[in-house]
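Engineer: Here is my input, please return the structure:
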Amino acid sequence: PRWFRDEYTVARQRNKPVTKEDVDEMKLRIRALEALPTKKEAEAKQRKKMKQARRMEQVRARAQAIAGQDELSGSAKVRALETLYKNSGVLKKKRTFAGKTYVVASGQGQRKQVGKGGRGNRIKYVDKRMLSDKRGAAASRARAGKDSKRRR
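Structural biologist: Predicted structure coming up:
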């Protein structure tokens, strides 16, 4: 039958020889494709960039408005611009702690580790209460220092 003859001719063909260089080239191509981010990851990064650019544009417009005000002095403009950039969140840098990783405990007595753990990393489990107490103590120390300076 004709169908048998057609399949037989296809199945009977010899495989073309593949050299080691061809295989290595294919592996390199596959590795390059695997290294690329997925479509969703690329879209998320692009959304983040666009959002950051939009925020930066808004801050730039406000800065232009502040710089264009003639009734403010130079030092007042500088102070206003500093507070604008500080409060806008555009130029925030990632906080790093020297050698210690702080992990926020998510619930009562739970310790959920985020990121790489293991040997060499010192991990301190904290909760919101502990952090706010620490901030409050630092603020009260600062206030006490200012008060003592005023008394002199």
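
Engineer: what's the weakest-modelled helix or strand in the chain?
Structural biologist: Ranked by mean pLDDT, DSSP states H and E, the helix or strand of the chain with the weakest confidence is strand 100-104, at a mean of 69.

Engineer: Tell me the helix or strand right after that strand.
Structural biologist: Toward the C-terminal end, the helix or strand that comes next after strand 100-104 (DSSP states H and E) is strand 122-126.

Engineer: Kindly export that following strand (C-alpha atoms) in CSV.
Structural biologist: The C-alpha coordinates for strand 122-126 follow below in CSV (Å, rounded to 0.1, in the frame of the first residue of the first chain):
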residue,chain,number,x,y,z
ARG,A,122,23.7,35.7,61.6
ILE,A,123,19.9,35.9,61.7
LYS,A,124,18.0,37.8,64.2
TYR,A,125,14.3,37.2,64.4
VAL,A,126,12.4,40.4,65.2
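
Engineer: got the buried residues for it?
Structural biologist: Of all the residues in strand 122-126, those buried under the rule 16 or more other CB atoms under 10 Å are residue 123. Any C-beta I mention is one placed from the backbone N, CA and C, and that applies to glycine too.
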